[in-house]
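1. Have a look; sequence and predicted model below, questions after that.
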Amino acid sequence: MAQKFGKYMLSAEQLFYWTKHSYASVNIAPVVPGHAMLISRRSVPSLSDLSDEEVADLFVAARNVGRVLQQHFEATAVTYAVQDGADSGQTVPHVHVHILPRRPGDFERKDDVYDILEDQAKEGASLPEGPSMPKSTHMDLEPWRRRREPQELYDEARVFRGLFDDQFTTPFAVEGL
């Protein structure tokens, strides 16, 4: 089941985790290996537009996804980032949490991750641009820091779905769908 992300539709094949109020997607242009997004099912631009129940669901799900991805990627930490509004760098006006498994030395300065996220937003690197999804020109420092082809997204999501219990890996198992 495809899901709406702002004005975009995310293919069901790139999704890997569902709850009553949110779902997780692999990232088209990951900043680090395992970079994923936890997205509100309801398309609203700001955290303040979500109900308390939706916010709680979003952040519990983000914690659960972050914990599993941290273990899978043998990371030592996780960065959770929310860009809430255009002036914060949000390019898709739909609430979402970036989940980034972190390792020592993955950036020269630990906070450089935020500069990279901001650069991606300025260049639209996180947005689908049609079927061919051209490669990003600035994120070529490492093999994973580039815009990926659809099959790469689907393959990664399939691996991630295998890390979770069935109740979270199919939208039809989630209450209310």
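-> Perfect, thanks for sending it.
2. Please enumerate residues in contact with the lengthiest strand in the chain?
-> Longest strand of the chain, by residue count under DSSP state E: strand 96-102. Contact with strand 96-102 is made by 5, 24, 27, 31-40, 58-59, 62, 65-66, 69-70, 72-73, 75-83, 110, 113, 117, as judged by CB atoms under 8 Å, 6 or more residues apart in numbering. Placement of C-beta: from N, CA and C, glycine included.
3. In its sheet, which strands sit next to it, and in what direction?
-> strand 36-40 (antiparallel), strand 77-81 (antiparallel) (DSSP bridges).
4. now these as JSON lines including mean pLDDT?
-> Formatted as JSON lines, the strands paired with strand 96-102 follow (pLDDT from 0 to 100):
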{"stretch": "strand 36-40", "mean pLDDT": "97"}
{"stretch": "strand 77-81", "mean pLDDT": "96"}
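5. Tell me which of these sits nearest to Arg103.
-> strand 77-81 (7.9 Å; CB to CB).
6. Quick check: mean pLDDT of stretch 109-118?
-> Mean per-residue pLDDT for stretch 109-118: 78.
7. can you pull out the helices in this structure?
-> Using DSSP state H, the helices of the chain run over 52-72, 112-123, 150-161, 166-169.
8. Output the shortest one as CSV, nothing but the C-alphas.
-> Listed in CSV are the C-alpha atoms of helix 166-169, where the atom choice follows Å, rounded to 0.1, in the frame of the first residue of the first chain:
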residue,chain,number,x,y,z
ASP,A,166,5.2,-9.3,11.5
GLN,A,167,2.7,-7.0,13.3
PHE,A,168,4.9,-4.0,12.3
THR,A,169,5.9,-5.1,8.8
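9. distance between that helix and the chain's centre?
-> Taking CA atoms, centre = their mean, to the nearest Å, one finds the center of helix 166-169 at 18 Å from the center of the full chain.
10. Ok, stretch 100-114 next?
-> 17 Å.
11. How about stretch 155-173?
-> Using CA atoms, centre = their mean, the offset of stretch 155-173 from its chain centre is 15 Å.
12. Now list the buried members of the contacts of strand 96-102.
-> The neighbour count (16 or more other CB atoms under 10 Å) marks 5, 24, 27, 31-40, 58-59, 62, 65-66, 69-70, 73, 75, 78-79, 81-83, 113, 117 as buried among those.
13. which ones are touching the residue positioned nearest the centre of the chain?
-> Geometric centre of the chain, nearest residue: Met37, 1.5 Å, by CA atoms, centre = their mean. Contacts for Met37 (CB under 8 Å, 6+ apart) come out as Ala24, Ser25, Asn27, His96, Val97, His98, Ile99.
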